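K.L.:
Provided below are the primary sequence and the corresponding predicted coordinates.
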Amino acid sequence: DTGVSQDPRHKITKRGQNVTFRCDPISEHNRLYWYRQTLGQGPEFLTYFQNEAQLEKSRLLSDRFSAERPKGSFSTLEIQRTEQGDSAMYLCASSPEGASYEQYFGPGTRLTVT
Amino acid sequence: SQQGEEDPQALSIQEGENATMNCSYKTSINNLQWYRQNSGRGLVHLILIRSNEREKHSGRLRVTLDTSKKSSSLLITASRAADTASYFCATDALLAVGGADGLTFGKGTHLIIQP
């Protein structure tokens, strides 16, 4: 396993459309995180899973955002009715279970909403 | 919301010089981490320092942590052109009820190493 992978790497969509991104974490990592990064800013935490349980989702930006990790392996992040303000880089990270571990980030999915 | 604030926002130095970046944060933490992000690449973990540690080294990197001042510094010695990147500090909040949470990042310091 060479690291966290994300698909697609780039997505261009029209306002109002739904989009879904996929993240495959490092296989032995229980925890999976989603972040959003806009230009000139650091990543902003959205949500995280421990195995298949979504333990924190209050930071999701609106009810248009949802995430799943159905079998505790890969995860998807869906944005419904996209808006231009959703244009950003969406990053996924994974880590082993435990309170103090570094997170391993994927290359991100760059979303452009036109 | 962004908890950490890196200082300076941008730094340009000559190759071979040392680069120092600072980070301040607001709440109690489990640990503090530094990440690097190159143009077009993802975030790469550099070093993690726990709240009960004061200093840590890794190769050309030296990190200090002062929990009383809620601040940290990252020193890169003998800089190289390949060190050109954005550097972010990230904190892992100390939660009242065990467990972990997502990292809270600052806005980053953009470091340019002039050849």
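P.N.:
Thanks, I have the structure now.
K.L.:
which residues of chain B score low on pLDDT?
P.N.:
For chain B, applying pLDDT under 70 flags the ranges B:1-4, B:40, B:94-100.
K.L.:
where do the strands sit along it?
P.N.:
B:5-7, B:10-14, B:19-24, B:29-37, B:43-50, B:55-58, B:61-66, B:71-76, B:85-93, B:104-105, B:109-114 (DSSP state E).
K.L.:
so does the fifth one get close to chain A?
P.N.:
Yes. For strand B:43-50, a contact with chain A is found by CB under 8 Å from any CB of the partner chain, at B:L43, B:V44, B:H45, B:L48, B:R50. All C-beta atoms are positioned from the backbone trio N, CA, C, and that covers glycine.
K.L.:
ok, the third one - contacts?
P.N.:
Yep, that's B:H45 we're talking about. B:H45 sits next to A:E102, A:Q103, A:Y104, A:F105, B:Q33, B:W34, B:Y35 when contact means CB atoms under 8 Å, 6 or more residues apart in numbering or on different chains.
K.L.:
now stretch B:19-39: buried residues?
P.N.:
B:19-21, B:23-25, B:29-37 (16 or more other CB atoms under 10 Å in any protein chain shown).
K.L.:
can you report how many residues neighbour the closest residue to A:P43 other than its chain neighbours?
P.N.:
Excluding the flanking residues, the one nearest A:P43 by CB to CB, 6 or more residues apart in numbering or on different chains is A:Y35, at 3.8 Å. Residues contacting A:Y35 under the criterion other CB atoms under 10 Å in any protein chain shown number 25.
K.L.:
phi, psi of A:Y35?
P.N.:
Backbone torsions of A:Y35, given as degrees, to the nearest 10, read phi -130, psi 160.
K.L.:
from B:N18, how far out is it?
P.N.:
Note on A:Y35: its distance to B:N18, by CB to CB, to the nearest Å, is 30 Å.
K.L.:
mind listing what the residue lying closest to B:I29 once chain neighbours are set aside touches?
P.N.:
Among residues not flanking B:I29 along the chain, B:T91 sits closest, at 4.6 Å (CB to CB, 6+ apart). Residues in contact with B:T91, defined by CB under 8 Å, 6+ apart, are B:Q3, B:G4, B:Y25, B:T27, B:I29, B:N31, B:L32, B:Q33, B:L103, B:T104.
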